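Peer 1: have a look; sequence and predicted model below, questions after that.
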Amino acid sequence: MKIEIHELATKEFDEAIEWYENQSRGLGKRFKKTVIDQIKKIKNTPTWFLVEADNIYKAYIPKFPYKILFTTDNDRIIIWAIAHMHREPWYWQFRKS
């Protein structure tokens, strides 16, 4: 399956990497690797993950307060958000329109 990442999800990801790196050297790199590893798992078995709502799946990022929110169709996975779990829950919803 092909992975597509919404441009605002990419921005969130980059900002989180930078924030973690500013907190502690190497932490941003660790966050990035953990997210990429989780995206690989999503690609291999997308429907294994929990359903957030309707057809939106969520994959938690181990050891970080983030989750990846995504949908699937026949041949692709769309990542809509790499969301901090303490933000407003549905702030990213407009991206699906």
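Peer 2: Sure, I can see it. Being a predicted model, the structure only gives us computed values, none of them experimental. Numbers count the residues shown, from 1 in each chain.
Peer 1: correct me, but residue 29 touches residue 21?
Peer 2: Yes - because the distance of 7.1 Å satisfies C-beta atoms under 8 Å, residue 29 is recorded as touching residue 21. For every residue, glycine as well, the C-beta is placed using N, CA and C.
Peer 1: between the two, tell me which one has more neighbours.
Peer 2: Ranked by neighbour count (other C-beta atoms under 10 Å), residue 29 and residue 21 place residue 21 first, with 16 against 12.
Peer 1: which ones are touching the closest residue to the more buried one other than its chain neighbours?
Peer 2: Distances taken as C-beta to C-beta, 6 or more residues apart in numbering place residue 28 nearest to residue 21, at 2.8 Å, with adjacent residues excluded. By C-beta atoms under 8 Å, 6 or more residues apart in numbering, residue 28 lies in contact with 16-22.
Peer 1: residue 17 versus residue 28, what's the distance?
Peer 2: As judged by C-beta to C-beta, to the nearest Å, residue 28 and residue 17 stand 4 Å apart.
Peer 1: same thing with residue 27?
Peer 2: From residue 27 to residue 17 the distance is 9 Å (C-beta to C-beta).
Peer 1: tell me where this structure has strands.
Peer 2: With DSSP state E as the criterion, the chain has strands at 2-5, 50-53, 56-60, 66-72, 76-84.
Peer 1: for the third one, the averaged confidence score.
Peer 2: Looking back up the chat, that one is strand 56-60. Averaging pLDDT along strand 56-60 yields 96.
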